[in-house]
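Participant: Build me a model from this:
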Amino acid sequence: MTRPPVYVTRPILPPLDAVQDLMREIWQSRILSNGGPILQRFEAALGAYLGVDHISLVNNASLGLVLALRHHGITGEVITPPFSFVATSHAIRWAGAEPVFADIDPVTLNLDPAEVEKRITDRTQAILAVHCYGVPCDTEALGDIARRHGLKLIYDAAHAFGVRDDSGRSVCLAGDLSILSFHATKVFNTFEGGAIIAPDRETKLALDRLGNYGIVDETTVLETGLNTKMSELNAAVGLALLPQVDEAIADRERIATRYRDALSGVAGVRAVCPTGRAGHNYYHFPIQVGPGYPVGRDALYARLRQDGLFARRYFYPLISDLPMYRDLPSADPAALPAARQAADQVLCLPIFPGLDPVDQERIIAIVRSPC
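Facilitator: Coordinates of the predicted model:
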């Protein structure tokens, strides 16, 4: 009998009874948006879980990125990696600024601070770095560069829900602002949604206002804002799901550890993300398929698909190869060798809570022997 397909991820869902209880509250209050009581409870619970004090909830992380850039008045150049989901660079453009691509570190696959420094000009206003696969950037080095050059430092932390640095502090407290994604595919989701982690209450309130059209009160609008508000329905999903997250991350860690142990001796395969590291969330399990492996990355990708196992080439193609960006001077492939190698070699294997061990063993067997 043919087994059902296995995709690279599968969303976790909160207990339906818990959501229904919150739905009844919404139906009784008839408050659906505009910072209602469910959203306020979710915001407080989320802050306690993450260990952060100031959160501005948004309806998706892409608009959260735009809002962060607009809040800081960024209209010049923003240094960012080409190895990311396209939303990172799209947000820069939608905010009225221009992306400048800098190469990544070949080990962590995060923005390389030395390459960032090379890209700084008199038009540079900000750095938008990405905690790729939830692996923290070199926040100390990037912070030093930003301070020395007077730049804003914003983190696309879409992959980094719950991730902590070596001191146990939330990685989202680094830089000027960090943006989380609560999309359905993430470690934690509200179906659609996100959050901006702010350094203080004043900034949080300014972001809330900017995300509500710039409205101060019934007759006062201070700025050209957006509508980035999270609804009560999405907040209810998040509030009901939050108690399940630790168990889900623990399950991800077990799956990641099995992958790493089983593939550690396979020539030409490197597991990108660490296992057994306190504070990691195991959002993806990316491997690099390099020299010494019997087939190329794309051949392995195709071989897995033959068995209904849908790995993903995250991130391929590079953002800098897309038609709206490839003519930028910073998109020159010769200046982005590490990003180019990652785009050609990385394959994310299926990982999600509840992945059937039989299916994981099928994946492992094919990676071990693709021919």
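Participant: Would you mark the buried spots in the helix or strand residue 252 falls within?
Facilitator: Using DSSP states H and E, residue 252 sits within helix 245-263. Within helix 245-263, the residues scored as buried using 16 or more other Cβ atoms under 10 Å are 245, 248-249, 251-256, 258-260, 262-263. For glycine as for every other residue, the C-beta is placed from the backbone atoms N, C-alpha and C.
Participant: go on, stretch 70-78?
Facilitator: 70-72, 74, 76-78.
Participant: Got the phi and psi for the most centrally placed residue in the chain?
Facilitator: With distances taken as Cα atoms, centre = their mean, the residue of the chain nearest its centroid is residue 158 (2.1 Å). When read as degrees, to the nearest 10, the backbone of residue 158 gives phi -60, psi -30.
Participant: which residue packs closest to it, ignoring adjacent ones?
Facilitator: If you skip the residues right next to it in sequence, residue 158 has residue 181 as its closest partner in space, 3.7 Å away by Cβ to Cβ, 6 or more residues apart in numbering.
Participant: Tell me the pLDDT of the one you found.
Facilitator: pLDDT for residue 181: 98.
Participant: Specify the beta-bridge partners of it.
Facilitator: residue 194 (DSSP bridges).
Participant: Contact partners for it?
Facilitator: Neighbour list for residue 181: 60-61, 64, 158-159, 161, 193-194 [criterion: Cβ atoms under 8 Å, 6 or more residues apart in numbering].
Participant: Among those, find me the one that's closest to residue 47.
Facilitator: residue 161 (13.1 Å; Cβ to Cβ).
Participant: Counting neighbours, what do you get for the closest one?
Facilitator: 25 (other Cβ atoms under 10 Å).
Participant: Test my guess that it contacts residue 190.
Facilitator: No - using Cβ atoms under 8 Å, residue 161 makes no contact with residue 190, being 11.2 Å away.
Participant: Show only the entries of the buried residues of stretch 70-78 found in strands.
Facilitator: Per DSSP state E, strands hold the following members of these: 77-78.
Participant: Format the buried residues of stretch 70-78 as JSON lines; extra columns: distance to residue 234 and pLDDT.
Facilitator: Below are these laid out as JSON lines (distance: Cβ to Cβ, whole Å; pLDDT from 0 to 100):
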{"residue": "70", "distance to residue 234": "22", "pLDDT": "98"}
{"residue": "71", "distance to residue 234": "22", "pLDDT": "98"}
{"residue": "72", "distance to residue 234": "26", "pLDDT": "98"}
{"residue": "74", "distance to residue 234": "27", "pLDDT": "98"}
{"residue": "76", "distance to residue 234": "33", "pLDDT": "98"}
{"residue": "77", "distance to residue 234": "34", "pLDDT": "98"}
{"residue": "78", "distance to residue 234": "28", "pLDDT": "99"}
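Participant: if we can go back for a sec, now do the residue nearest to residue 158 against residue 172, distance only.
Facilitator: 12 Å (Cβ to Cβ, to the nearest Å).
Participant: Among the contacts of residue 181, which one has the most neighbours?
Facilitator: Counting by other Cβ under 10 Å, top hit in those: residue 64 with 32 neighbours.
Participant: so what's it up against?
Facilitator: Here residue 64 is in contact with 58, 179-181, 194-196, 228 (Cβ under 8 Å, 6+ apart).
Participant: go again using 6 Å as the cut-off
Facilitator: By Cβ atoms under 6 Å, 6 or more residues apart in numbering, the contact list for residue 64 reads 58, 179, 194, 196.
Participant: For residue 166, state which of these is nearest.
Facilitator: Checking the contacts of residue 64 one by one against residue 166 (Cβ to Cβ), the nearest turns out to be residue 179, at 22.2 Å.
Participant: ok, back up a step: what residues does the helix holding residue 252 touch?
Facilitator: Here helix 245-263 has contacts from 12, 188, 269, 271, 275, 281-282, 285, 351, 353, 355, 364, 367, using Cβ under 6 Å, 6+ apart.
Participant: need the strands for the protein, in chain order.
Facilitator: Under DSSP E, the chain gives strands at 6-7, 55-58, 77-80, 98-101, 124-130, 152-156, 177-181, 194-197, 215-217, 220-221, 269-271, 285-289, 309-310, 346-349.
Participant: any chance of the ones you listed in JSON lines, with distance to residue 321 too?
Facilitator: Shown next, in JSON lines, are those (distance: least, Cβ to Cβ, whole Å):
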{"stretch": "strand 6-7", "distance to residue 321": "25"}
{"stretch": "strand 55-58", "distance to residue 321": "29"}
{"stretch": "strand 77-80", "distance to residue 321": "15"}
{"stretch": "strand 98-101", "distance to residue 321": "10"}
{"stretch": "strand 124-130", "distance to residue 321": "17"}
{"stretch": "strand 152-156", "distance to residue 321": "19"}
{"stretch": "strand 177-181", "distance to residue 321": "23"}
{"stretch": "strand 194-197", "distance to residue 321": "26"}
{"stretch": "strand 215-217", "distance to residue 321": "40"}
{"stretch": "strand 220-221", "distance to residue 321": "41"}
{"stretch": "strand 269-271", "distance to residue 321": "23"}
{"stretch": "strand 285-289", "distance to residue 321": "19"}
{"stretch": "strand 309-310", "distance to residue 321": "23"}
{"stretch": "strand 346-349", "distance to residue 321": "15"}
